[in-house]
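In: fold the following and give me the result.
(4 chains)
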Number of protein chains: 2
Amino acid sequence: MCGMEPNASTPDNRRLPLRERKKLRTRRALADTALELFAEKGFAATTLDELVDRVDVSKRTFFRYFASKEDVAIATEAEFWEAYIDEVRDRDVQGRLLAFLREALLASLRSMDAEWDRRFFQARRIVAYAGSSVLYDHSELASLRAQRQLIGVLGDKIGIDGREDVRFRMLGEFVLGAWRCGASNWVAGRGAGAQGIRGHGGRDTLMRRVEEAFDAIPETLSLTADE
Amino acid sequence: MCGMEPNASTPDNRRLPLRERKKLRTRRALADTALELFAEKGFAATTLDELVDRVDVSKRTFFRYFASKEDVAIATEAEFWEAYIDEVRDRDVQGRLLAFLREALLASLRSMDAEWDRRFFQARRIVAYAGSSVLYDHSELASLRAQRQLIGVLGDKIGIDGREDVRFRMLGEFVLGAWRCGASNWVAGRGAGAQGIRGHGGRDTLMRRVEEAFDAIPETLSLTADE
DNA sequence: GTATATTCTGTCAACCAGTGGCATTTTATG
DNA sequence: CATAAAATGCCACTGGTTGACAGAATATAC
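Out: Numbers count the residues shown, from 1 in each chain, chains lettered A, B, ... in the order given. This next block holds a predicted model:
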């Protein structure tokens, strides 16, 4: 089968068996081409037929890789959540939980593959500035589920049922909030020293935005609540 | 046109013009019959054709009343959120905000029409115990949007941009959390004195569950967070 | 290298949610 | 009663999603 040559965004996991490499390649080709199309003509106006036509796979195959049309748009997000949860699962808990989650988040950001931030940026722009809200909703649900899984894993690690404990749920809210805030500032080009950066500024800038958001938590919390 | 006779669940807004009464009646008939069908054979297995057949309305008309198949399942929920937000909008703010929101929530529960709690219970059971998660997701998104609107309205009332203020967002989290917790305990038949109640126990019991959840907020917050 | 088992893929058909357009009916208004 | 406005029905059509099965590609054993 031809028509899909290795390119810059092809994952070069030379150690994986051929079949696995191929699977990664089709998956990546579908996700990349989908973002192209969504950016060109919008999410709603793009049909799956066009997508699978351009990638040269059958529609049936598409649904073997992604559960829905929305899923392919938030693939990079899903990759990140997966990496984050793995990171939290594997890392030793020490110090304050919020700091732990913050470190784990940054570490998992660092661990994403070389092209991840470019793809993520592209996807975020489409999700945020699309005409309808289906993509945004889908992304939000994915975050919510990831957050739940996160506090579940963390709870398991320190022997608490995180789903029942309000403190844990709030912890999850903080982390998710900081992430969302940081990521949206990154995409919008806001934040410290953003003027000096051309474009959105790569992964390091994203990480700085997330850190800024985390840093802002205590000061916003200490505001008086006397209304 | 015949086939739709007034029954127990027909809203008796005798003061409304005929056209409006009819509209309410079809809307209610669709929602009720949908719950019947979903309970009988499950959400996924029920087709809209069956629904509109039983109600004796065209499919086109269905979509003039509800935006999607999921929407008709959470209609009672949506009614409540609407009432709640209206209540918050109309009520004078005084005292602590959390207490204000709590009172408004209970008041709007009280204001729902006579059959609301029965319908709501039915709907919650379907949403919670359905095979797939589409309904649950849909309901969760609706809550999220309602929560955002809520703090938006509250922010407007006291001249603060609630969307930007962390305290407000947390307030929203508390209220939504208490509501969810109370409602789910109600449906599950948990809570103080639940043994003595046959069935789920009507709206007064739901309100008691919600109050219990609100009461639990300070004590869970004061737990030590020294992990 | 060949044979065989396993996994992936394409083709085809079907289902069903959701939409646009337009004619028809129903309600409101004077 | 006449006319305007609004609600409904009908119909065809798009497009996402799934199941079944056959064929192609890859892995494994010899």
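
In: for chain A, which residues are neighbours of DNA strand D?
Out: Neighbours of DNA strand D within chain A, by Cβ under 7 Å from any atom of the strand: A:1, A:17-20, A:22, A:46-49, A:59-60, A:63, A:67-70. (Each C-beta comes from the backbone N, C-alpha and C, glycine too.)

In: which of the residues you listed fall in helices?
Out: Secondary structure defined by DSSP state H assigns A:L18, A:R19, A:E20, A:K22, A:L48, A:D49, A:K59, A:R60, A:F63, A:K69, A:E70 of the residues of chain A next to DNA strand D to helices.

In: next one: the second one relative to A:T26, how far apart?
Out: As defined by Cβ to Cβ, to the nearest Å, A:R19 lies at a distance of 11 Å from A:T26.

In: and for the first one?
Out: Distance from A:L18 to A:T26, counting by Cβ to Cβ: 13 Å.

In: please report how far A:Y84 lies from DNA strand C.
Out: From A:Y84 across to DNA strand C, the span is 25 Å (Cβ to the nearest atom of the strand, to the nearest Å).

In: how about the closest residue to that residue other than its chain neighbours, secondary structure?
Out: Closest residue to A:Y84 apart from its sequence neighbours, by Cβ to Cβ, 6 or more residues apart in numbering or on different chains: A:S108 at 4.4 Å. Of the three states, A:S108 takes helix under DSSP: H, G, I helix; E, B strand; the rest coil.

In: isn't A:S108 right up against A:E79?
Out: No - A:S108 is not in contact with A:E79 according to Cβ atoms under 8 Å; the separation is 9.9 Å.

In: which one of these two has more residues nearby?
Out: Neighbours were tallied for A:S108 and for A:E79 using other Cβ atoms under 10 Å in any protein chain shown; the higher tally belongs to A:S108 (20 against 17).

In: what's the local residue count around A:Y129?
Out: When neighbours are defined as other Cβ under 10 Å, A:Y129 has 12 of them.

In: just the strands in chain A please.
Out: In chain A, no segments count as strands under DSSP state E.

In: show me the helices in it, by range?
Out: Under DSSP H, chain A gives helices at A:18-41, A:48-55, A:59-65, A:69-73, A:75-90, A:97-111, A:116-129, A:134-158, A:166-188, A:202-221.

In: list the contacts for the most centrally placed residue in chain A?
Out: Residue closest to the average C-alpha location in chain A (Cα atoms, centre = their mean): A:E77, at 2.2 Å. By Cβ atoms under 8 Å, 6 or more residues apart in numbering or on different chains, the contact list for A:E77 reads A:F120, A:A123, A:S139, A:A142, A:S143.

In: roughly how far apart are the third one and DNA strand D?
Out: Between A:S139 and DNA strand D the distance, using Cβ to the nearest atom of the strand, works out to 15 Å.

In: could you count how many residues lie near that residue?
Out: 20.

In: hmm, A:R119 is touching A:I74, no?
Out: No - applying Cβ under 8 Å as the test, A:R119 and A:I74 come out as separate, 11.0 Å apart.

In: who's more crowded, the two?
Out: Comparing A:R119 with A:I74 by neighbour count (other Cβ under 10 Å), the higher total belongs to A:I74, at 27 against 20.

In: what about A:A213, how many neighbours?
Out: Residues near A:A213, counting by other Cβ under 10 Å, number 23.

In: how close does it get to A:R167?
Out: Remark: distance between A:A213 and A:R167 (Cβ to Cβ) = 20 Å.

In: from chain B, how far off is A:D113?
Out: The gap separating A:D113 from chain B is 29 Å, by Cβ to the nearest Cβ, to the nearest Å.

In: ugh, wrong one, I meant A:A123
Out: As judged by Cβ to the nearest Cβ, A:A123 and chain B stand 20 Å apart.

In: try A:I74
Out: Between A:I74 and chain B the distance is 14 Å, computed by Cβ to the nearest Cβ.

In: show me the contacts for that residue.
Out: Contact partners of A:I74, counting by Cβ under 8 Å, 6+ apart, are A:A123, A:V127, A:L135, A:H138, A:S139, A:A142.

In: angles on the backbone of it, please.
Out: With angles defined as degrees, to the nearest 10, A:I74 sits at phi -110, psi 30.

In: quick one: pLDDT of it?
Out: pLDDT for A:I74: 97.

In: do the same with A:A8
Out: pLDDT recorded at A:A8 is 38.

In: ditto for A:G162
Out: A:G162 is assigned 76 on the pLDDT scale.

In: distance of it from DNA strand D?
Out: Distance, A:G162 to DNA strand D, using Cβ to the nearest atom of the strand: 30 Å.

In: with adjacent residues omitted, what lies nearest to that residue?
Out: A:G155 (2.9 Å).

In: which residues does the one you found contact?
Out: A:D161, A:G162, A:R163, A:D165, A:F168.

In: so who does the closest residue to the last one other than its chain neighbours touch?
Out: What that stands for is A:F168. Leaving aside its chain neighbours, A:F168 sits nearest to A:G162 (3.8 Å; criterion: Cβ to Cβ, 6+ apart). Taking Cβ under 8 Å, 6+ apart as the criterion, A:G162 is in contact with A:I151, A:G152, A:L154, A:G155, A:D156, A:F168, A:R169, A:G172.

In: the fifth one: neighbour count?
Out: The number of residues packed around A:D156, counting by other Cβ under 10 Å, is 12.

In: could you do the last one as well?
Out: By other Cβ under 10 Å, the residues close to A:G172 number 22.

In: gap between it and A:A107?
Out: 18 Å.

In: closest to B:P218 among the contacts of A:G155?
Out: Using Cβ to Cβ, A:D165 comes nearest to B:P218 of the contacts of A:G155, at 14.9 Å.

In: quick one, phi psi at that closest one?
Out: phi -100, psi 120.

In: same deal with A:M112?
Out: Torsion angles at A:M112 (phi, psi; degrees, to the nearest 10) stand at phi -70, psi 150.

In: how about A:G42?
Out: Dihedral angles (degrees, to the nearest 10) for A:G42: phi 90, psi 160.

In: that one against A:G131, yeah?
Out: Yes - if you go by Cβ under 8 Å, A:G42 and A:G131 touch, sitting 6.2 Å apart.

In: who has more neighbours, the two?
Out: A:G42 (14 against 10).

In: the more buried one and A:S133, how far apart?
Out: From A:G42 to A:S133 the distance is 13 Å (Cβ to Cβ).

In: overlap of the contact sets of those two?
Out: Taking Cβ under 8 Å, 6+ apart as the contact criterion, no residue touches both A:G42 and A:S133.

In: run a quick neighbour tally on the nearest residue to A:R124 once chain neighbours are set aside.
Out: Spatial nearest neighbour of A:R124, chain neighbours left out: A:V187 (4.8 Å); criterion: Cβ to Cβ, 6+ apart. By the measure other Cβ under 10 Å, the count of residues near A:V187 is 20.
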